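sequence and predicted structure are below.
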Amino acid sequence: MAVTIEEVKRLKDLTGVGLTDAKQALEAAGGDFDKALDEMRKKGLTKADKRAEREASEGAVITYNHDSRIGVVVELNCETSFVAKTEEFLQLGQDIAMHIVASNPEFISSENIPEEVRDEKAAEFKDKVVAEGKPADIADNIVEGMLKKYFAERCLMDQPFVKDQDKDVAMLIKEHIAKLGENIVVRKMARIELGQRNG
């Protein structure tokens, strides 16, 4: 199957790779665009995992206001001021802020959950499981599963992205790391809703 320049450009735009890499990927996939895209994404996400270890101290503070009733502030970090000013980076910040308006996460990721909050919830679930008469030897596994599900719904990174439920927010960020070539981190977030008390 012949490889067209339009498809090469399209693959380049979707993955952020160079024209030569895009052309080689299409040729290796026998002209199958979806197969080439899938392979390039896998490679990009592998590189993104390595980039995630790098220091991200530049970035932007991005705000989003929904109907003057809910406001969100997000500190989104990257490695250079150049990337921090790109439309793609700022749009990612807007998308994350809009997601926070809709999904109201309590924590950025599972690493940000205070130990006492986790312990309190674990004790609550354990009491529930024991009260249901589950055997002690499987109770801990059940509690662990309940904790995972409970906090996944409350951690920004684990929530399905509002604009595309097939990926979570962590995957959305990873795709942008692959595309922009820099580590990207959500450092802080705050959500204020009219008439709601904090804490």
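Perfect, I can see it now. No experiment lies behind these values; they were computed from the predicted model shown.

I'd like to know how far the closest residue to residue 27 other than its chain neighbours sits from residue 32.
What sits nearest to residue 27 in space, not counting adjacent residues and going by CB to CB, 6 or more residues apart in numbering, is residue 3, at 5.8 Å. Where you see a C-beta, it was placed from the backbone N, CA and C, and this is true even at glycine. Residue 3 is 10 Å from residue 32, where distance means CB to CB, to the nearest Å.

show me which of these two is the more surrounded one.
The residue with more neighbours, out of residue 3 and residue 32, is residue 3; 19 against 13, by other CB atoms under 10 Å.

I figured the residue nearest to residue 27 was touching residue 24, is that so?
No: counting by CB atoms under 8 Å, residue 3 stays clear of residue 24, with 9.6 Å between them.

tell me the secondary structure at the residue lying farthest from the centre of the chain.
In the chain, the residue that sits farthest from the middle, by CA atoms, centre = their mean, is residue 133; the gap is 37.8 Å. When classified by DSSP: H, G, I helix; E, B strand; the rest coil, residue 133 comes out as coil.

quick one: pLDDT of it?
Looking at residue 133, its pLDDT reads 81.

could you find the closest non-adjacent residue to residue 173?
Excluding the flanking residues, the one nearest residue 173 by CB to CB, 6+ apart is residue 184, at 5.4 Å.

next up, the contacts around the nearest residue to residue 164 once chain neighbours are set aside.
Leaving aside its sequence neighbours, residue 164 sits nearest to residue 172 (CB to CB, 6+ apart; 7.5 Å). Residues near residue 172 by CB atoms under 8 Å, 6 or more residues apart in numbering: 92, 95-96, 161, 164.

one more: residue 173?
92, 96, 157, 184, 186.

same question, residue 192
Residue 192 is in contact with 70-72, counting by CB under 8 Å, 6+ apart.

would you list the phi and psi of the residue farthest from the centre of the chain?
As for residue 133, its main-chain torsions (degrees, to the nearest 10) stand at phi 80, psi 20.

next structured bit after the lowest-mean-pLDDT helix or strand in the chain?
Ranking every helix and strand in the chain by mean pLDDT, DSSP states H and E puts helix 33-51 at the bottom, with a mean of 69. Under the assignment DSSP states H and E, the closest C-terminal helix or strand after helix 33-51 is strand 58-66.

please settle this for me: is residue 26 part of a strand?
No: using three-state DSSP, the assignment for residue 26 is helix, not a strand.

count the neighbours of it for me.
Neighbours around residue 26, by other CB under 10 Å: 25.

that one touches residue 3, doesn't it?
Yes: Residue 26 is within contact range of residue 3, at 4.5 Å (criterion: CB under 8 Å).

show me the strands in the chain, by range?
Secondary structure of the chain (DSSP state E): strands at 58-66, 70-78, 160-161, 164-168, 185-193.

quick one: contacts of the second one?
Residues lying outside strand 70-78 but in contact with it, judged by CB under 8 Å, 6+ apart, are 56-66, 84, 89, 92-93, 96-98, 100-101, 180, 182-194.
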